[in-house]
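Colleague: Predicted coordinates and the sequence they were generated for:
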2 protein chains.
Amino acid sequence: MPTTLHHHPLCPQSRFIRLALAEYGITPELIEEKPFERDPTFLALDPAGETPVLIDASGLIVPGAAAIAEFLDETGGAALGDNRLLPEDPAARVEVRRLVQWFTQKFYGEVSNFLVTEKVYKRFMSTGGGAPDMELVRAARANIRYHLRYIGYLCAQRNWLAGERLTYADLAAAAHISVVDFLGDVPWDEDETAKLWYARVKSRKSFRALLADRVPGISPPPVYADLDF
Amino acid sequence: MPTTLHHHPLCPQSRFIRLALAEYGITPELIEEKPFERDPTFLALDPAGETPVLIDASGLIVPGAAAIAEFLDETGGAALGDNRLLPEDPAARVEVRRLVQWFTQKFYGEVSNFLVTEKVYKRFMSTGGGAPDMELVRAARANIRYHLRYIGYLCAQRNWLAGERLTYADLAAAAHISVVDFLGDVPWDEDETAKLWYARVKSRKSFRALLADRVPGISPPPVYADLDF
């Protein structure tokens, strides 16, 4: 069976894994889920009911972005050689995991989850999600500024977020930012170094499918798919 | 230098790592932090400012329970042989990581973080944390019930949470529950199988230091340290 990814197009955690799969050269069959609907079929696959969930070629079900990233490294990381997304050196692995946690948990909790829930998921809830809570939207827009400065700070010292090569840290960060960018909420004037880093990640072949994503009723700003924004 | 763990005695994520270290036979030097104070010295160690942070014998700084667990497995897992806390088999690793995510993120977000923040951290904030938000405390007390039933469901089919042997899944789950138990908020009558599982984890030598923890002004109920509760 083909590798399958249960995802939502604007779920930042799913986007991280879509980027990772593309970097491994794996083209998954994509199945769109609405994680906010608590669909019994999806809950049977993963009791936590959260996207993404990967089903690998052998049928093994792997739920959760962090666990999927570890699984992909364990099964396919060595084959990437020097381009391994979770490098072999113990200290480098620690730094990559620290930053993956930063974006998949901290940035998610302070920025991307607020925006995707309030501006996207609520719109598609069958029970009627109601209007976005603008207090949460404003909090996210304020919080993103220090994250952009932190990215700029890291990239002023290193070629990529976690070191001299592209790693899971860049993919996780760019995936979360891409959702905010889709919603027009990235203040790109905040940090020039962060912007240049994002332009480099965004130019990768692995990013193309994300830039082509569209969601009914929500149009991304022109800057979203522009590689020279 | 000795292995050092920056922690808070009632931080459930720190307790998970204290249990793990004890299972590896490592006795760390413990340094108590107040993660809610945003102390600059601690932030210099880990910009995320969250407990736990491990500093290993070589001086490598490893922040975050999940990253520490992976690091300990990579550096010391093989030596545990059949008792490896993150088993070698790929499907078993996926199941352990799924349940570690469940307790360190889902249970934390729905139960243990509410209780420790409202009932413990607020009490020790130098700026005055105010009274516990009883709505959040009640939400946590309601939410824990389905988690106990889920533990009971898993242990009715398996010897331990993730399979036939003790793994990180049991340590993460028991660490989070132990904090709730310290605060007297575990409804032990909810699920007999879950209670028997917890009694087994609690009886391990690695658990002893946790049962001896005391915090100024908060007394755990007698059941907390009782191995035959």
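Modeller: Great, that's in hand.
Colleague: Could I get the CA-only coordinates of whatever helix or strand A:L148 lives in as PDB?
Modeller: Assessed by DSSP states H and E, A:L148 sits inside helix A:134-155. In PDB, the C-alpha atoms belonging to helix A:134-155 read as follows (Å, rounded to 0.1, in the frame of the first residue of the first chain):
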ATOM      1  CA  MET A 134     -10.400  38.500  18.000                       C
ATOM      2  CA  GLU A 135      -8.700  38.700  21.400                       C
ATOM      3  CA  LEU A 136      -6.900  35.400  20.600                       C
ATOM      4  CA  VAL A 137      -6.100  36.500  17.000                       C
ATOM      5  CA  ARG A 138      -4.600  39.700  18.400                       C
ATOM      6  CA  ALA A 139      -2.500  37.700  20.900                       C
ATOM      7  CA  ALA A 140      -1.200  35.500  18.100                       C
ATOM      8  CA  ARG A 141      -0.300  38.500  16.000                       C
ATOM      9  CA  ALA A 142       1.600  40.100  18.900                       C
ATOM     10  CA  ASN A 143       3.300  36.800  19.900                       C
ATOM     11  CA  ILE A 144       4.700  36.000  16.400                       C
ATOM     12  CA  ARG A 145       6.900  39.100  16.500                       C
ATOM     13  CA  TYR A 146       9.300  37.700  19.100                       C
ATOM     14  CA  HIS A 147       9.400  34.300  17.400                       C
ATOM     15  CA  LEU A 148      10.500  36.000  14.100                       C
ATOM     16  CA  ARG A 149      13.200  37.900  16.000                       C
ATOM     17  CA  TYR A 150      14.300  34.600  17.500                       C
ATOM     18  CA  ILE A 151      14.600  33.000  14.100                       C
ATOM     19  CA  GLY A 152      16.500  36.100  12.900                       C
ATOM     20  CA  TYR A 153      18.800  35.800  15.900                       C
ATOM     21  CA  LEU A 154      19.500  32.100  15.200                       C
ATOM     22  CA  CYS A 155      20.100  32.600  11.500                       C
END
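Colleague: That one - contacts with which helices or strands?
Modeller: On a contact count with 3 or more CB pairs under 8 Å, 6 or more residues apart in numbering or on different chains; DSSP states H and E, helix A:134-155 meets helix A:113-116, helix A:168-182, helix A:192-202. C-betas here are computed from N, CA, C, even on glycine.
Colleague: Please produce TSV containing these, extended by distance to A:A91.
Modeller: What follows is those, written out as TSV (distance: least, CB to CB, whole Å):
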stretch	distance to A:A91
helix A:113-116	30
helix A:168-182	14
helix A:192-202	22
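Colleague: Please identify the most buried of those.
Modeller: Burial of these is given as mean neighbour count (mean count of other CB atoms under 10 Å in any protein chain shown); helix A:168-182 ranks first at a mean of 27.
Colleague: rewinding a little: relative to helix A:192-202, how tilted is the helix holding A:L148?
Modeller: For helix A:134-155 against helix A:192-202, the angle by axes from the mean of the first three to the mean of the last three CA atoms, to 10 degrees is 90 degrees.
Colleague: what comes into contact with helix A:134-155?
Modeller: Helix A:134-155 is contacted from outside by A:99, A:107, A:110-112, A:114-115, A:117-119, A:161-162, A:173, A:180, A:185-187, A:190-194, A:196-198, B:47, using CB atoms under 8 Å, 6 or more residues apart in numbering or on different chains.
Colleague: how about the residues of chain A that lie near chain B?
Modeller: Within chain A, the positions lying close to chain B (CB under 8 Å from any CB of the partner chain) are A:46-48, A:60-64, A:66-67, A:70-71, A:74-75, A:90-91, A:93-94, A:97-98, A:101-102, A:105-106, A:150.
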